[in-house]
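1. build me a structure from this.
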Amino acid sequence: MAYYFYLSLGVLCIVGEMFTMDFSLACFGVGLFGAALVSFLGLGLGWQVAVFIAVSLALFIGMRPLALKHLYHNSKHVKTNVDALIGRTAVVTAEPDAEGIGRVQIDGDSWRAFFQYPAAQAAQVRVEKLDGNTLFVVPIQQEENK
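-> This is a model prediction of the structure:
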């Protein structure tokens, strides 16, 4: 009857894997299924533990790196949050003052911007970098003349 316990824990691990998506709980879940099979066959606790450890370790070392490589091969290149602003085009909403500080708008959000070159209101600028809450921008015409 111990195999019911292993099966229950294995199912919980597989369900937990759906929330973590790092393929570690799945390794332990399959190891628990192996221990359940050994328990069902009537072998002792030592065999059950050995099969659990062997299967889990083999999957964790052998399969997990391959699964992560194929599942997340593009995720390192995806820019999120403010990092996604770099290289984007913005519209000037407030011309820069004498110190080069003005405002731009991207996707409906207004940002404080440092202008390396003057730009007129409603002109398009490209975001070069980000420092804190200040975007460093260059007018697109000025960028093409470089």
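2. show me the strands in this structure, by range?
-> Secondary structure of the chain (DSSP state E): strands at 89-94, 101-106, 109-115, 124-131, 134-139.
3. out of the ones you listed, deepest packed?
-> The highest mean neighbour count among the strands of the chain, using mean count of other CB atoms under 10 Å, belongs to strand 134-139: a mean of 20. Every residue, glycine included, has its C-beta placed from N, CA and C.
4. relative to residue 13, which of the strands of the chain is closest?
-> Among these, strand 124-131 comes nearest to residue 13, with 40.9 Å by CB to CB.
5. helices or strands next to the closest one in the packing?
-> Counting contacts by 3 or more CB pairs under 8 Å, 6 or more residues apart in numbering; DSSP states H and E, strand 124-131 packs against strand 89-94, strand 134-139, helix 140-145.
6. give me the distance from it to the chain's centre.
-> Distance, stretch centre to chain centre, for strand 124-131: 24 Å (CA atoms, centre = their mean, to the nearest Å).
7. please apply the same query to stretch 34-54.
-> The answer for stretch 34-54 is 36 Å, by CA atoms, centre = their mean.
8. domain ranges for this protein?
-> Following automatic domain parsing, one gets these domains for the chain: 2-76, 81-141.
9. possible to save those as CSV with mean pLDDT?
-> Formatted as CSV, those follow (pLDDT from 0 to 100):
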stretch, mean pLDDT
domain 2-76, 89
domain 81-141, 90
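10. what's the closest non-adjacent residue to residue 47?
-> residue 38 (5.2 Å; CB to CB, 6 or more residues apart in numbering).
11. can you tell me how far the one you found is from residue 4?
-> When distance is defined by CB to CB, to the nearest Å, residue 38 is 14 Å away from residue 4.
12. could you check how many residues crowd around residue 12?
-> By other CB atoms under 10 Å, 14 other residues sit near residue 12.
13. give the contact list for it.
-> Shown in contact with residue 12 (CB atoms under 8 Å, 6 or more residues apart in numbering): residue 29.
14. could you pull up phi and psi at the residue lying farthest from the centre of the chain?
-> Each residue of the chain has a distance to the centre, and by CA atoms, centre = their mean the biggest one is for residue 42: 43.9 Å. For residue 42, the backbone dihedrals (degrees, to the nearest 10) come out as phi 90, psi 10.
15. that'll do, ta.
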